[in-house]
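In: Need the 3D shape of this:
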Amino acid sequence: MRAMGAARLFFIVFCVALFSLAILAAGCSKGPSERQLFEQAKKYQEEGKFAEAAASYEELVRRYPSSNQAPQCLFMVGYLYANHIADYDKARKVYETFLKKYPNDPLIKDARWELTHLGQDVNQIRELNDLLQHSPDTLVGGAKQGKSQK
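Out: Got it, this is the predicted structure:
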């Protein structure tokens, strides 16, 4: 009987220890935080590593879908695919997802504009050409033609 009690105690201690290790392992494998992913994505983007930036933004949206940054990050995925990676099919899918998931987001007009002009050469976009014709001495960003900014 006493051996049976010791075996039972050993089994209980073993199960508790195993359960504790499982919880500890699950906590350790959580992955990067929302802030880490966002900073990583921005860093990749600044370095011109657009595919890596898009992947980091996508991971943030996947891991933290209710984040305040999720809409901006999803928009940026579409933007990077459209304007830097030139994968227009992927960009279209991402922008369409953005429109469905975040119909009231401030970036909604930008997403629609990007979809309308997806894959077009910037010089062939009528709205931009009209803007430049109405204000020929001002370029996008406010730089004056023929004058250097200091």
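
In: how about the strands in the chain?
Out: Here the chain has no strands by DSSP state E.

In: Mind telling me which residue is nearest the centre of it?
Out: By C-alpha atoms, centre = their mean, the chain has its centre lying nearest to residue 57, at 2.1 Å.

In: Roughly how far does that one sit from residue 86?
Out: Separation of residue 57 from residue 86 (C-beta to C-beta, to the nearest Å) stands at 17 Å. Yep, even glycine has a C-beta here, placed from its N, CA and C like the rest.

In: Same question for residue 130.
Out: 25 Å.

In: again, but for residue 55
Out: Look at residue 55 and residue 86: by C-beta to C-beta, they are 16 Å apart.

In: Tell me which of these two has more neighbours.
Out: The residue with more neighbours, out of residue 55 and residue 86, is residue 55; 17 against 11, by other C-beta atoms under 10 Å.

In: tell me the contacts of residue 58?
Out: Residues near residue 58 by C-beta atoms under 8 Å, 6 or more residues apart in numbering: 73, 77.

In: Oops, could you answer that again for residue 45 instead?
Out: Residues near residue 45 by C-beta under 8 Å, 6+ apart: 53, 76, 80.

In: How about residue 79?
Out: Here residue 79 is in contact with 91, 114 (C-beta under 8 Å, 6+ apart).

In: Model confidence score at it, please.
Out: At residue 79, the model reports a pLDDT of 97.

In: Residue 31 versus the nearest residue to residue 84 once chain neighbours are set aside, what's the distance?
Out: Nearest residue to residue 84, sequence neighbours excluded (C-beta to C-beta, 6 or more residues apart in numbering): residue 50, at 4.0 Å. From residue 50 over to residue 31 the distance is 22 Å, taken as C-beta to C-beta.

In: How about residue 79?
Out: Applying C-beta to C-beta to residue 79 and residue 31 gives a distance of 24 Å.

In: and if you look at residue 122?
Out: Counting by C-beta to C-beta, the gap from residue 122 to residue 31 is 37 Å.

In: Likewise for residue 125?
Out: 39 Å.

In: picking that back up, so which of the contacts of residue 45 is the closest to residue 108?
Out: Relative to residue 108, the closest of the contacts of residue 45 is residue 76; by C-beta to C-beta it sits at 14.4 Å.

In: Quick check, pLDDT for that closest one.
Out: So residue 76 comes in at 98 (pLDDT).
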